[in-house]
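In: with the input below, show me the fold.
(one chain, ligands or ions: 1)
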Amino acid sequence: MVFGLSEVTGMVSREELNVVGSKRILQIGTYAMAAVKERTEALRAKGLSPVDFGMGDPSAPTPEFIRRACAEGIERHAASGYPPFSGSLPFRQAVSDWVKGRFGVTLDADSEIVSSVGSKESIFHLPEALIDPGDVVICPDPGYPPYATGTLFAEGEPHYAPIHGGTDFLPDLDAIPDQIAERARIFWLTTPSSPSGRVASPEYLKRWVEWCRQRNIVACSDEAYSEIYFDEPPHTALEQGKDGVLVFNSLSKRSAMTGYRVGWVAGDPQLIAPYRKLKANIDTGTPWFIQEAAIAAYSDEEHVAQMREGYRKRRDLFVSAFENAGLPRSEPEASLYVWQRAPEGVTSTGLAEALLDEKILAVTIPSAALIGDPSQHGPEEQYVRLSMVASWDESEQIATAIAEHLRLG
Ligand SMILES: Cc1ncc(COP(=O)(O)O)c(C=O)c1O
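Out: Numbers count the residues shown, from 1 in each chain. This next block holds a predicted model:
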């Protein structure tokens with residue numbers, strides 16, 4: 001850590017505004033959203049109000065019965081007290097019951113489930129518990145950034161497995177080089193996928209889990225969007241048996257609880273044990289009252305069904321808006337995102353910028369900002385991610401503007 005002269009003189013020089021950090025923090029690249037962000041700020045400076053479809057953060061309020069359970073939890077734990085490192089037994093039991101009801105899989109609440117401070121925390125930290133410096137972690141590309149950043153912080157090496165139309169939006173197992181597979185310790189899969197909205201079939205999950213088992217690689221399935229689906233409910237990797245498998249899920253998307261920060265990791269007890277040990281050294285568990293809110297959330301499916309309907313309406317709205325503007329039809333099976341393909345000859349940044357036109361004003365994320373290894377993606381793999389989280393009125397207004405004003409090439 002470096003302290004600047006300002007600590008002594010009270011003056012801040014330009015150089016001192018530059019943060020100096022560890023080698024690990026410095027190796028994390030700058031945010032590739034810069035171009036879109038700059039354009040958005042310029043529009044704001046002109047007094048315009050672009051609508052943010054960037055983050056997957058639901059704008060809908062957390063259902064009232066969940067907020068009430070949280071408030072009651074605060075009263076019940078009036079003497080605060082540290083919560084258990086791995087989650088309270090009632091929380092882990094609620095997860096176990098929910099998994100049993102939803103997927104028919106039995107989990108031992110004691111040895112096969114650990115609470116997390118949301119999946120981002122567990123995904124980022126897991127490599128610290130499972131890999132050694134130089135080990136490879138296979139990450140879908142484009143994919144959720146903590147797969148790679150967590151690997152880098154644990155001094156591992158991310159291997160980007162491209163997902164695009166040519167791989168059916170799932171990692172192509174046959175394309176992973178043997179030298180990579182030999183050094184790999186973790187393989188991340190996102191199902192339903194962010195950003196593509198593709199759901200892995202039970203057949204794919206079986207092949208993936210077996211592929212990992214044969215190579216002694218931990219199969220880590222990130223199922224954060226498992227409840228945001230538009231057709232058949234997605235399957236879990238846990239249906240393939242727990243041996244060598246870890247599943248990550250959270251209440252963030254299912255129950256619009258992104259701000260509560262509560263999730264869980266479940267699976268092979270041999271793998272849960274090192275993660276639990278790591279957690280005990282990092283944080284001191286999810287707050288009691290948040291766990292009580294989560295228990296309440298898992299007791300109800302009605303609010304989840306209603307939320308799904310809201311996303312389905314938005315999906316249909318945006319898919320037709322893009323189609324009416326002459327873009328290729330891009331319909332997600334699940335997740336919060338429309339992964340809209342750009343027309344031939346238009347880059348992802350070009351499409352994202354066109355959506356920021358003053359007549360549209362939609363902020364989206366171009367695939368160029370999400371891809372870790374561009375060399376594995378052809379020019380035809382150009383997309384923008386539009387997160388379906390805005391209010392219905394804003395969504396309708398922007399969808400109409402897209403259909404009427406988005407003109408490319
Ligand atoms: C693919 C994926 N996994 C995990 C998460 C983490 O969600 P949380 O930390 O809120 O549980 C997100 C959040 O956007 C995500 O997109």
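In: what count of nearby residues applies to the nearest residue to residue 82 once chain neighbours are set aside?
Out: Of all residues not flanking residue 82 in the chain, residue 284 sits nearest, at 5.0 Å (C-beta to C-beta, 6 or more residues apart in numbering). (C-beta placed from N, C-alpha, C; glycine too.) Neighbours of residue 284 under the rule other C-beta atoms under 10 Å: 11.
In: am I right that residue 284 sits in a strand?
Out: No - under DSSP: H, G, I helix; E, B strand; the rest coil, residue 284 sits outside any strand and is assigned coil.
In: quick one: the strands in the stretch 1-150 of the chain?
Out: Ranges of strands within the stretch 1-150 of the chain are 51-52, 113-116, 136-141, based on DSSP state E, counting those that start in this stretch.
In: which residues touch the last one?
Out: Where contact means C-beta atoms under 8 Å, 6 or more residues apart in numbering, the residues beyond strand 136-141 that reach it are 127, 131, 147-148, 150-151, 156-163, 170-171, 176, 180, 183-190, 193, 217, 371-373, 376-377.
In: please list which of those also come close to the ligand.
Out: residue 190 (C-beta under 6 Å from any ligand atom).
In: I'd guessed residue 304 sits against residue 233; true?
Out: No - between residue 304 and residue 233 there is no contact under C-beta atoms under 8 Å: 10.7 Å.
In: and the two? Which one has more around it.
Out: Under the neighbour definition other C-beta under 10 Å, residue 304 and residue 233 were set side by side, and residue 304 has more, 18 against 13.
In: and that one, what's its pLDDT?
Out: The score at residue 304 is 98. That number is its pLDDT.
In: who's in contact with it?
Out: 227, 254-255.
In: may I have the lengthiest helix in the chain exported as CSV, CA atoms only?
Out: The single longest helix within the chain, with elements called by DSSP state H, is helix 302-324. In CSV, the C-alpha atoms belonging to helix 302-324 read as follows (Å, rounded to 0.1, in the frame of the first residue of the first chain):
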residue,chain,number,x,y,z
GLU,A,302,-45.9,-17.3,-6.5
HIS,A,303,-43.8,-14.2,-6.6
VAL,A,304,-41.2,-16.0,-8.7
ALA,A,305,-43.8,-17.0,-11.3
GLN,A,306,-45.1,-13.4,-11.4
MET,A,307,-41.6,-12.1,-11.9
ARG,A,308,-41.0,-14.6,-14.7
GLU,A,309,-44.1,-13.3,-16.5
GLY,A,310,-42.8,-9.7,-16.2
TYR,A,311,-39.5,-10.8,-17.8
ARG,A,312,-41.3,-12.8,-20.5
LYS,A,313,-43.3,-9.8,-21.5
ARG,A,314,-40.2,-7.7,-21.7
ARG,A,315,-38.4,-10.4,-23.7
ASP,A,316,-41.2,-10.6,-26.2
LEU,A,317,-41.3,-6.8,-26.5
PHE,A,318,-37.6,-6.4,-27.2
VAL,A,319,-37.2,-9.4,-29.4
SER,A,320,-39.9,-8.1,-31.7
ALA,A,321,-38.6,-4.5,-31.5
PHE,A,322,-35.2,-5.6,-32.8
GLU,A,323,-36.8,-7.8,-35.4
ASN,A,324,-38.9,-4.9,-36.6
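In: what's the distance between residue 82 and the ligand?
Out: From residue 82 across to the ligand, the span is 22 Å (C-beta to the nearest ligand atom, to the nearest Å).
In: that residue: neighbour count?
Out: Other residues lying near residue 82 total 9 when counted by other C-beta under 10 Å.
In: do residue 408 as well
Out: Residues lying near residue 408 (other C-beta under 10 Å) number 14.
In: so it is in which element?
Out: Under DSSP states H and E, no helix or strand contains residue 408.
In: name the residues of the longest helix of the chain that come out as buried.
Out: By 16 or more other C-beta atoms under 10 Å, the buried positions in helix 302-324 come out as 303-304, 307-308, 310-311, 314-315, 317-319, 321-323.
In: just put these in TSV and tack on distance to residue 198.
Out: Below are these laid out as TSV (distance: C-beta to C-beta, whole Å):
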residue	distance to residue 198
303	26
304	21
307	20
308	17
310	21
311	16
314	18
315	14
317	20
318	17
319	15
321	21
322	18
323	19
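In: among those, give me the pair with the biggest separation.
Out: Using C-beta to C-beta, the two most remote members of the buried residues of helix 302-324 are 303 and 323, lying 30.6 Å apart.
In: mind checking pLDDT for the residue nearest the centre of the chain?
Out: Centroid check for the chain by C-alpha atoms, centre = their mean gives residue 144 as the closest residue, at 5.2 Å. Looking at residue 144, its pLDDT is 92.
In: contacts only, for it.
Out: Counting by C-beta under 8 Å, 6+ apart, residue 144 makes contact with 123, 188, 190, 194, 222.
In: got the phi/psi numbers for residue 246?
Out: phi -130, psi 140 (degrees, to the nearest 10).
In: over to residue 365?
Out: Main-chain dihedrals, residue 365, degrees, to the nearest 10: phi -110, psi 120.
In: so how many other residues sit close to residue 219?
Out: By the criterion of other C-beta under 10 Å, residue 219 has 25 neighbours.
In: so residue 115 makes contact with residue 262?
Out: Yes - with contacts counted by C-beta under 8 Å, residue 115 reaches residue 262, the gap being 6.8 Å.
In: overlap in contacts of the two?
Out: Common neighbours of residue 115 and residue 262 (C-beta under 8 Å, 6+ apart) are 286, 291.
In: more neighbours, these two?
Out: residue 115 (28 against 25).
In: which one is that one nearest to, not counting chain neighbours?
Out: Closest residue to residue 115 apart from its sequence neighbours, by C-beta to C-beta, 6+ apart: residue 87 at 2.8 Å.
In: pretty sure that neighbour sits against residue 288.
Out: No - counting by C-beta under 8 Å, residue 87 does not reach residue 288; the two are 10.3 Å apart.
In: in contact with the closest residue to residue 256 other than its chain neighbours, which residues?
Out: Spatial nearest neighbour of residue 256, excluding adjacent residues (C-beta to C-beta, 6+ apart): residue 58 at 4.2 Å. Listed by C-beta under 8 Å, 6+ apart, the contact partners of residue 58 are 253, 256, 258, 307, 336, 389.
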